[in-house]
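A.B. asks: Test case, fold it:
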Amino acid sequence: MDKRRISLIGLGVALALFFALNMASAALFRTSRLDLTENGLYTLSRGTRNILDAMTEPVTLRFYFSGQLATDFPELKGYAQRVEELLAEFAGHSNGKIELFVADPEPFSEEEDRAVGFGLQGAPVNAAGEILYFGLAGTNSTDDEETIPFFQTQREEFLEYDLAKLVYTLAFPQRKVVGLLSTLPLEGGRFNPMNPREVPQPWFVVDQIRQLFELRSLSTSLLAIPEDVDILVLVHPQALSDELLYALDQFVLRGGKLIAFVDPHCEAQPVPQDPSNQLAAFTADRASDLGPLLAAWGVELVKEKIIGDRLNAQRVMAGQRPVEYVAWLGLDQGETSRDDPVTSDLSRINMATAGRLNALSGATTTFTPMIQTSDEAMEIERMQVAFQPDPEGLLRGYLPGGERFTLAARISGPAKSAFPGGAPQAAEDDAGDGAQGDEESEASDPEPKHLAESQGDINVVLVADADMLEDRQWVQIQNFLGQRIAIPSANNADFLINAIDNLSGSDDLISLRSRARFNRPFERVAAIRRRAEERYRNEEQVLEERLRETERKINDLQMQKEGAVGALILTPEQRAAVEKFRAERIETRKKLRDVKHQLRKDIERLGVWLKAVNIGLIPAAIAIVAMALGVYRVKRNR
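C.D. replies: Residues are numbered from 1 along each chain as shown. Presented below is the predicted three-dimensional model:
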């Protein structure tokens, strides 16, 4: 009786300790988490934590997911769980600045009306017309709104970046100022009284920037970049003065964000028209660079060379037939970085006579390619396209280089000034001169202190082509009732807008990169399926080749017939060829069915083996261990 009483008391004490330990851990370690995933999917990056720590504006996030309607979509439901848990991490690390609401908007409910009011997009999931919502709406104290209309599984790697960007935009709502400095007529040309019908229109990409940011045009006669400019877009910087180069140098070293489009041969540059000198248009200098700045940033623009790519060449009309012009590139998703939020969603980028960017050895900066060619690209002498381009001649003399060339890159990291001795003398003499205009005087007074090296990491996006912003390279403009209607054919403007949007955030937001995917694939199953598909594809090619060969034989036999009599009646030779083809087709289809059956058979065999391990082997191992312990105890007691 004493032993029984002691056992009951011990069991009660154990239960009490169990509940007490759980209650204490829930109270003391409520915000503590342990991420055991392989790629740290639920661990916030340092950049995200810095953004959350710096928040002063309260933000309200409303996550809408139709969980009841997503029963038949397990992948989407698993992704929604990850989104909700990551949002909880954001809220838990924000020190109360983020308030999170999770809602399941049922059909015809107030939550659904609220989700529609925020502009979230729903997807029909059944014949009854029920709508599934999977989006996020955020607001701040000034009623600014930011939304993710629908979480796309294709952007799963950028989930943390998208959430951090939404929070940052709401927490720091001031509109960013974009400075535009160019030697090209991006904002249209002046009215010509001699030809009033042809007034150069602004490039459409300028309208795109103006819709999203506060755009400010800057003059090439500046002595300093205005302090309120957050991002500077520099297009075709040709023959810039040393004073302006110094201003750009100091702007970048002070933490200013720069997007520069340089070009070894800019086709969009207006050339002088001199009837007495027909070669003036061809001998004009169309190159642009940034002088000593590129070397200071650890990058090089190869001069007098343009890049051709046979695999990504655009088709143009040469005479009466189309031909691939290797100097004009149409780059698809295979040539844009999938790991950079600027280019991850772009499907096509068009470029014309683009140059090549190289990272210099010994540079302190990091050179990250954003747009590259295929490995069958080659360098072309600029003079081959400066005069009368010959697309057919370039194609005949094409020799692949065997390497991928970088056309656009992100430059980051510490850098030193390209002017170690300080400002040029002319800039010092003119610093106190008030004849530069109001904007220049405000920018240069008071004169900022010279920086010999960057105060942190510089952030520069460098593109070796300025023609890509011209309308003809990416959009067709139509006039409808006095309005300009744009029909894009490429994502050139999206590239620039994404770059501005990315650089307009803090350095912490820019530092965020893609993360691993939540769903981990069955690699063994994928390998088995891939091997079977390779065999299937080979058999399919054999079948298509036999089909083409048989049709050719039938056409040859048909052409040998004389006269039109019986043209629709097959000869014995034709019938024999057709019967032979039918027999071969039936035999090949049998082989294809065997390959597909083998695919399923291999996968099923792997599944049976995994089930045997999980259902039979592991319980058997536990039973064996238990039996061994029992035998050991019996022997010990004896």
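
A.B. asks: Sticking with residue 358, tell me its helix or strand.
C.D. replies: Following DSSP states H and E, one finds residue 358 within strand 357-359.

A.B. asks: which outside residues touch whichever helix or strand comes after that strand?
C.D. replies: Per DSSP H and E, the first helix or strand lying C-terminal to strand 357-359 is strand 366-372. Residues from elsewhere that reach strand 366-372 (CB atoms under 8 Å, 6 or more residues apart in numbering): 298-299, 331, 335-337, 340, 342-343, 349, 357, 359, 404-413, 461, 463. All C-beta spots, glycine's among them, are computed from the backbone N, C-alpha and C.

A.B. asks: pLDDT on strand 366-372, on average?
C.D. replies: Over the span of strand 366-372, the pLDDT mean works out to 96.

A.B. asks: Select only the buried ones of the contacts of strand 366-372 in ChimeraX?
C.D. replies: A single ChimeraX command selects the buried members of those (16 or more other CB atoms under 10 Å):
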select :298,299,331,335,336,337,340,342,343,349,357,359,405,406,407,408,409,410,411,412,413,461,463
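
A.B. asks: And residue 120, what's its pLDDT?
C.D. replies: On pLDDT, residue 120 comes in at 92.

A.B. asks: Now for it, how many residues are close by?
C.D. replies: Neighbour count for residue 120, taken as other CB atoms under 10 Å: 22.

A.B. asks: Chain neighbours aside, what residue packs nearest to it?
C.D. replies: residue 135 (3.9 Å; CB to CB, 6 or more residues apart in numbering).

A.B. asks: where does the one you found land in three-state SS?
C.D. replies: strand (DSSP: H, G, I helix; E, B strand; the rest coil).

A.B. asks: got a list of what it touches?
C.D. replies: Contacts of residue 135 were listed using CB under 8 Å, 6+ apart, and they are 64, 115, 118, 120, 121, 147, 148, 149, 150, 151.

A.B. asks: List buried residues within the residues you listed.
C.D. replies: For the contacts of residue 135, a burial check counting by 16+ other CB under 10 Å picks out 64, 115, 118, 120, 147, 148, 149, 151.

A.B. asks: out of those, who's nearest residue 85?
C.D. replies: Lowest distance from residue 85 to these (CB to CB) belongs to residue 151, with 13.3 Å.

A.B. asks: Tell me what the nearest residue to that closest one once chain neighbours are set aside is bridged to.
C.D. replies: Nearest residue to residue 151 in three dimensions, chain neighbours excluded: residue 134, at 5.2 Å (CB to CB, 6+ apart). Note on residue 134: beta-bridge partners by DSSP bridges are residue 65.

A.B. asks: shouldn't residue 134 be in contact with residue 77?
C.D. replies: No - between residue 134 and residue 77 no contact is recorded; they are 9.7 Å apart, counting by CB atoms under 8 Å.

A.B. asks: joint contacts of these two?
C.D. replies: Joint contacts of residue 134 and residue 77 (CB under 8 Å, 6+ apart) are residue 70.

A.B. asks: who has more neighbours, those two?
C.D. replies: Higher neighbour count among residue 134 and residue 77: residue 134, with 27 against 15, using other CB under 10 Å.

A.B. asks: Can you give me the buried ones in the longest strand seen in the chain?
C.D. replies: The strand spanning the most residues in the chain, taking DSSP state E as the definition, is strand 321-332. Within strand 321-332, the residues scored as buried using 16+ other CB under 10 Å are 323, 324, 325, 326, 327, 328, 329, 330, 331.

A.B. asks: just stretch 149-164 next, same as before
C.D. replies: Buried residues in stretch 149-164, counting neighbours by 16+ other CB under 10 Å, are found at 149, 151, 156, 157, 158, 159, 160, 161, 162, 163, 164.

A.B. asks: just stretch 91-105 next, same as before
C.D. replies: Buried residues in stretch 91-105, counting neighbours by 16+ other CB under 10 Å, are found at 91, 92, 93, 94, 97, 98, 100, 103, 104, 105.

A.B. asks: I'd like the average pLDDT over the helix or strand that contains residue 385.
C.D. replies: Using DSSP H and E, residue 385 maps to helix 383-386. Throughout helix 383-386, pLDDT has a mean value of 88.

A.B. asks: export it as PDB, just CAs?
C.D. replies: Extracted C-alpha coordinates of helix 383-386, given in PDB (Å, rounded to 0.1, in the frame of the first residue of the first chain):
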ATOM      1  CA  MET A 383      33.000  50.500 -86.600                       C
ATOM      2  CA  GLN A 384      31.200  47.500 -88.100                       C
ATOM      3  CA  VAL A 385      27.800  49.000 -87.000                       C
ATOM      4  CA  ALA A 386      28.800  52.700 -87.000                       C
END
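
A.B. asks: May I see the buried residues of that helix?
C.D. replies: By neighbour count with 16+ other CB under 10 Å, helix 383-386 contains the buried residues 384, 385, 386.

A.B. asks: Tell me the secondary structure at residue 616.
C.D. replies: Strictly by three-state DSSP, residue 616 counts as helix.

A.B. asks: Okay, and residue 81 sits in which element?
C.D. replies: Assigned by DSSP H and E, residue 81 belongs to helix 74-93.

A.B. asks: following that helix, which helix or strand shows up next?
C.D. replies: Downstream of helix 74-93, the first helix or strand assigned by DSSP H and E is strand 98-103.

A.B. asks: ok so, going back, in helices, which of the buried residues of stretch 149-164 fall?
C.D. replies: Among the buried residues of stretch 149-164, DSSP state H puts 159, 160, 161, 162, 163, 164 in helices.

A.B. asks: what about the helices in the stretch 101-250 of the chain?
C.D. replies: Assigned by DSSP state H, counting those that start in this stretch, the stretch 101-250 of the chain shows helices spanning 110-117, 159-171, 204-212, 242-253.

A.B. asks: As CSV, could you dump the C-alpha coordinates of the first one?
C.D. replies: Taking only C-alpha atoms (Å, rounded to 0.1, in the frame of the first residue of the first chain), the coordinates of helix 110-117 have been written out as CSV:
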residue,chain,number,x,y,z
GLU,A,110,-17.9,41.7,-44.6
GLU,A,111,-14.4,40.4,-44.6
GLU,A,112,-14.7,39.7,-48.3
ASP,A,113,-16.1,43.2,-49.0
ARG,A,114,-13.2,44.6,-47.0
ALA,A,115,-10.7,42.6,-49.0
VAL,A,116,-12.2,43.7,-52.3
GLY,A,117,-12.1,47.3,-51.0
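
A.B. asks: what comes into contact with that helix?
C.D. replies: 62, 64, 103, 104, 105, 106, 122, 131, 133, 135, 137.

A.B. asks: Those into a markdown table, with extra columns for distance to residue 179?
C.D. replies: Converted to a markdown table, these look like this (distance: CB to CB, whole Å):
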| residue | distance to residue 179 |
| --- | --- |
| 62 | 36 |
| 64 | 38 |
| 103 | 42 |
| 104 | 46 |
| 105 | 42 |
| 106 | 49 |
| 122 | 40 |
| 131 | 43 |
| 133 | 40 |
| 135 | 34 |
| 137 | 32 |
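
A.B. asks: Can you tell me which of those residues is nearest residue 363?
C.D. replies: residue 135 (42.4 Å).

A.B. asks: Which single one of the ones in helices among the buried residues of stretch 149-164 is nearest to residue 285?
C.D. replies: residue 161 (40.8 Å).

A.B. asks: Correct me if wrong: that closest one contacts residue 341.
C.D. replies: Yes - look at residue 161 against residue 341 with CB under 8 Å: they come within range, at 5.3 Å.

A.B. asks: Next up, the contacts around residue 332.
C.D. replies: For residue 332, the contacting residues are 312, 347, 348, by CB under 8 Å, 6+ apart.

A.B. asks: tell me the pLDDT at the second one?
C.D. replies: I take that to be residue 347. You'll see residue 347 listed with a pLDDT of 87.

A.B. asks: Please verify my assumption that it contacts residue 335.
C.D. replies: No - using CB under 8 Å, residue 347 is not in contact with residue 335; the gap is 11.0 Å.

A.B. asks: related to what we said a few turns ago, in JSON lines, list the contacts of residue 332 along with distance to residue 178.
C.D. replies: Below are those laid out as JSON lines (distance: CB to CB, whole Å):
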{"residue": "312", "distance to residue 178": "30"}
{"residue": "347", "distance to residue 178": "25"}
{"residue": "348", "distance to residue 178": "24"}
